[in-house]
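1. Could you work out the structure for the sequence below:
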Amino acid sequence: SSATLVHNIIRGNAAVGNRESGGGGIYAGFTTASDQLLILEHNKIIENHAESKFDEAAGGGLWIDYSARIYNNVFSENTCVAKKSSYGAAIAAGGYSKSNHYFELLGNWVENNATTVILEGEWAFGAVVTMFQKNIISDNYFLGNKNKGTSNSRAAGLNIYESENETVILNNVFRTNISEGNSFWGAALFAGRSSNVIIEQNIFEDNKCNSGPGICFFNSNGIVRNNKIYKNRAIKYASGLEAFQSKMLIENNELHENSSTGAGSVWLIETNGIFQNNLVYKNQAGNAPGIGVHELASNNAAMVVHDGQATNSAANDIATVMSDSIPNVDAMLVLNNTVYNNRGKWGGGLYASGWKTIAANNIFYGNTATEDDNKQVYNTGGNLTVQHSLVQYGWEGEGNFDLNPQFADAGMRLTPESPCLGAGISELLVDSILVKAPFTDFGGALRPQPAGSHPDLGAWEHAFSAPHFAGRINIPADYATIQEGINAAFDGDTVLVAEG
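-> Just a heads-up that it's a prediction; the model follows:
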């Protein structure tokens with residue numbers, strides 16, 4: 001059975017109580033029926049309010065506790081206020097009922113909603129939070145939402161929490177969302193204690209919080225691919241993307257002009273997986289502006305995701321890892337990235353602190369660090385290996401060298417003369433597992449080129465297998481016929497034909 005709401009204006013309503021309160025605009029409550037469905041299309045849900053004076057509140061605009069299809073609506077200026085935890089100023093999905101329900105949020109405008117928590121230590125989830133097991137969130141705008149909490153604030157925009165099946169977040173825009181308070185967990189998007197979260201082709205711009213204003217993962221596993229993450233601001237920690245005790249594949253993203261007074265654009269804390277084919281440039285931080293891989297103190301007893309499960313019982317509800325995409329290694333692999341022109345205090349390109357980190361086929365060039373003689377790479381804890389990479393000012397390791405990468409353009413593509421051509425390795429052995437270099441480059445071109453050659457360094461693959469310097473081909477001295485000379489020529493070569 002289903003309930004359908006189409007072309008309504010739902011405005012200025014409130015649900016206020018002393019105990020749990022929710023659904024200021026719309027309340028679609030708990031049901032035991034697995035086939036129950038809410039369809040919400042082309043509505044305006046505006047200036048509604050949910051509040052609990054002494055307990056929890058959820059869903060200032062909408063509280064839904066069974067499957068929902070929410071298409072092409074406007075959620076604007078809804079609020080959710082609670083003394084204890086507060087969930088979803090615009091939409092709270094799930095809570096009492098999780099299993100066998102799904103959540104589809106497509107083509108909506110989610111703007112200027114605000115969540116507030118009063119009591120220290122309680123949870124604050126921003127504009128949208130879903131706890132359902134399967135979520136599809138696509139083509140939405142999350143703009144200017146605010147989350148004001150204490151030490152447990154989460155994202156002001158979108159929150160995925162305890163979702164154990166699959167979540168797809170595709171082609172959304174997250175812009176100018178702000179989490180206030182001592183928040184370590186994102187401004188735009190937060191994924192916590194969830195499995196199989198796929199974040200692809202989104203824009204994260206000008207979001208702000210204490211740490212991870214673009215994307216933040218906590219005790220989760222997922223794929224972050226083909227996103228643009230730029231001009232986000234963090235007060236203390238990661239300014240673009242943060243993953244905490246998670247298992248990740250992070251590839252083909254563009255991270256630039258993010259800023260923080262503390263850690264860098266990317267901060268991977270006790271996280272395993274692969275960071276590959278990314279462009280990381282023009283970020284600023286008080287510490288490590290490029291890529292940071294970090295291990296907490298050995299006496300930290302928090303949950304650690306490993307092999308799809310956690311090492312303590314608190315994470316037994318986490319489902320399977322995407323094993324086909326993320327190799328089962330106890331390390332962070334940093335492969336084929338271009339890290340350029342970042343500025344900070346330590347490790348302008350790569351900062352490694354204790355956690356096992358293997359970096360290969362990368363370009364670390366043009367980065368600056370005021371407290372680091374190398375300026376490109378900083379290692380504390382002795383668990384970093386850098387190999388087959390271009391490292392300005394040099395770095396000990398097999399196949400490393402210090403030369404100008406010779407970028408062709410502002411996009412950091414390589415010229416035919418670049419020393420990075422063919423300088424990479426095709427595979428490496430980690431924990432007895434064979435890990436291969438990425439099969440495509442940042443733009444989707446096949447890697448390596450030509451087939452059977454060695455891959456290039458950095459995020460881009462060139463058509464040449466080795467550096468080529470423009471030359472001169474003489475006909476008939478070098479080749480008997482004009483066609484043979486043309487066939488042998490590369491871009492930039494000159495073919496000269498003698499008279500006669």
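2. where does the residue lying closest to S246 once chain neighbours are set aside sit relative to G262, distance-wise?
-> In this structure, S246 finds its nearest non-sequential neighbour in F217, 4.4 Å apart by C-beta to C-beta, 6 or more residues apart in numbering. Quick note: C-beta positions are derived from backbone N, CA and C, even for glycine. Distance, F217 to G262, by C-beta to C-beta, to the nearest Å: 18 Å.
3. Compare these two (neighbour count), which wins?
-> F217 (32 against 20; other C-beta atoms under 10 Å).
4. Just give the closest residue to N383, not the sequence neighbours.
-> Once flanking residues are discounted, N383 sits nearest to K356: 4.9 Å by C-beta to C-beta, 6+ apart.
5. same question, T130
-> Spatial nearest neighbour of T130, excluding adjacent residues (C-beta to C-beta, 6+ apart): A93 at 4.1 Å.
6. That neighbour against V129, yeah?
-> Yes - at 6.9 Å, A93 counts as touching V129 under the criterion of C-beta atoms under 8 Å.
7. tell me the secondary structure for P455?
-> The local conformation at P455, judged by DSSP: H, G, I helix; E, B strand; the rest coil, is coil.
8. what about it, how many neighbours?
-> For P455, the number of neighbouring residues by other C-beta under 10 Å comes to 28.
9. residue ranges of the helices in the protein, please?
-> With DSSP state H as the criterion, the chain has helices at 482-488.
10. Scan the helices and strands of it for the one with the lowest mean pLDDT.
-> Of all helical and strand segments in the chain, the minimum by mean pLDDT, DSSP states H and E falls on strand 305-306, at a mean of 24.
11. Sketch out the low-pLDDT regions of the stretch 201-350 of the chain for me.
-> For the stretch 201-350 of the chain, the stretches flagged by pLDDT under 70 are 287-290, 294-324.
12. which ones are touching the closest residue to N341 other than its chain neighbours?
-> Distances taken as C-beta to C-beta, 6+ apart place G366 nearest to N341, at 4.5 Å, with adjacent residues excluded. G366 makes contact with 340-341, 392, according to C-beta atoms under 8 Å, 6 or more residues apart in numbering.
13. out of those, which is most surrounded?
-> Within the contacts of G366, neighbour counts (other C-beta under 10 Å) peak at Y340, which reaches 24 neighbours.
14. Mind listing the residues bridging to that residue?
-> Y281, Y365 (DSSP bridges).
15. correct me, but it touches M412?
-> Yes - counting by C-beta under 8 Å, M412 is a contact partner of Y340 at 6.0 Å.
16. Now do the shared contacts for these two.
-> In contact with both Y340 and M412: 279, 281, 363, using C-beta under 8 Å, 6+ apart.
17. how many other residues sit next to the second one?
-> Y281 has 23 neighbouring residues, counting by other C-beta under 10 Å.
18. So which residues of the stretch 351-500 of the chain form strands?
-> 357-360, 363-365, 368-369, 377-380, 384-387, 390-391, 427-430, 433-436, 472-475, 494-497 (DSSP state E, counting those that start in this stretch).
19. Same list (those strands) but as a markdown table, adding mean neighbour count and distance to G29.
-> As requested, the strands of the stretch 351-500 of the chain are exported to a markdown table (neighbours: other C-beta atoms under 10 Å; distance: least, C-beta to C-beta, whole Å):
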| stretch | mean neighbour count | distance to G29 |
| --- | --- | --- |
| strand 357-360 | 26 | 48 |
| strand 363-365 | 29 | 54 |
| strand 368-369 | 20 | 55 |
| strand 377-380 | 22 | 52 |
| strand 384-387 | 21 | 52 |
| strand 390-391 | 26 | 58 |
| strand 427-430 | 14 | 49 |
| strand 433-436 | 13 | 48 |
| strand 472-475 | 15 | 78 |
| strand 494-497 | 12 | 77 |
